[in-house]
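*Asks:* Need coordinates for the following:
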Amino acid sequence: MRCRSPKIRFNLSRSPLVMLGLVATLWLCGCGLSEVEKYYPLGAGYNWTYETTYDDPEFPPKRSTDMIVERKWNDYHFDNGLVLSKTHLGLLTREAYYLLQGPLRVGHKWGAGHIEVEITAVNKRVTVPAGVFDDCLTTEFRAVRQGVTFITLTDYCRDVGPAAYELYRQEPGNERRMLQRSVLLAFGYGEDLKQ
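*Replies:* Here you go, the predicted structure:
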């Protein structure tokens, strides 16, 4: 006697629980295009080239390229050691803080411990050597170490990614001082760089 498995048939349009489960699974996996991903394109081979200038004149301007070299599940590995994990909330770093997190609106804050991030501007125009971009937002990242606050302002532009960074140092009772600034020179996949 042969065993036969029963044939199970169902109509997705008539099974709301199945549809709800499918949508929930896709959402939890981070599948689909979220609002955060529109401001930080992710894909193996995507890269950004920056020019960094320093407050200290002993350091000459430096050019560098950050490239996503590999994707493993929802983790994106960069050639500079950065690993971003795509979650339903946003982009999580290996150090367990969100680099960018929705909802993308002014005043939205997140963080833990000595790290706090806040969206300080949306619908901003950013001009860098790679171009003029109209749909940008700015985050202010603050980390306190031994009483000194380090502040990074980052401009993320839609369909571009990080277009500019400014790093500041602020000691108690003093105004913040810029340490370095990086601006985007080119971005895209391999030879399709937009300059």
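
*Asks:* quick one, strands of the protein?
*Replies:* Under the criterion DSSP state E, strands of the chain are mapped to 46-54, 62-72, 75-78, 83-86, 90-93, 98-101, 109-112, 115-128, 131-145, 148-157, 161-170, 177-189.

*Asks:* in the protein, what spans have low per-residue confidence?
*Replies:* 1-33, 191-195 (pLDDT under 70).

*Asks:* If we use 50, what do you get?
*Replies:* Applying pLDDT under 50 to the chain picks out residues 1-33.

*Asks:* Hmm, residue 63 is touching residue 185, no?
*Replies:* Yes - under the criterion of CB atoms under 8 Å, residue 63 makes contact with residue 185 at 7.2 Å. All C-beta spots, glycine's among them, are computed from the backbone N, C-alpha and C.

*Asks:* between these two, what contacts are shared?
*Replies:* Common contacts of residue 63 and residue 185 (CB atoms under 8 Å, 6 or more residues apart in numbering): 49-51.

*Asks:* Could you double-check that residue 122 sits in contact with residue 106?
*Replies:* Yes - using CB under 8 Å, residue 122 makes contact with residue 106 at a distance of 5.7 Å.

*Asks:* These two: who's more crowded?
*Replies:* Set side by side, residue 122 and residue 106 show more neighbours around residue 122, with 15 against 12, by other CB atoms under 10 Å.

*Asks:* Tell me who's in contact with the more buried one.
*Replies:* Residues in contact with residue 122 (CB under 8 Å, 6+ apart) are 104-106, 137.

*Asks:* rerun that using 6 Å as the cut-off
*Replies:* For residue 122, the contact set (CB atoms under 6 Å, 6 or more residues apart in numbering) comprises 106, 137.

*Asks:* now do residue 147
*Replies:* Contact partners of residue 147, counting by CB under 6 Å, 6+ apart, are residue 172.
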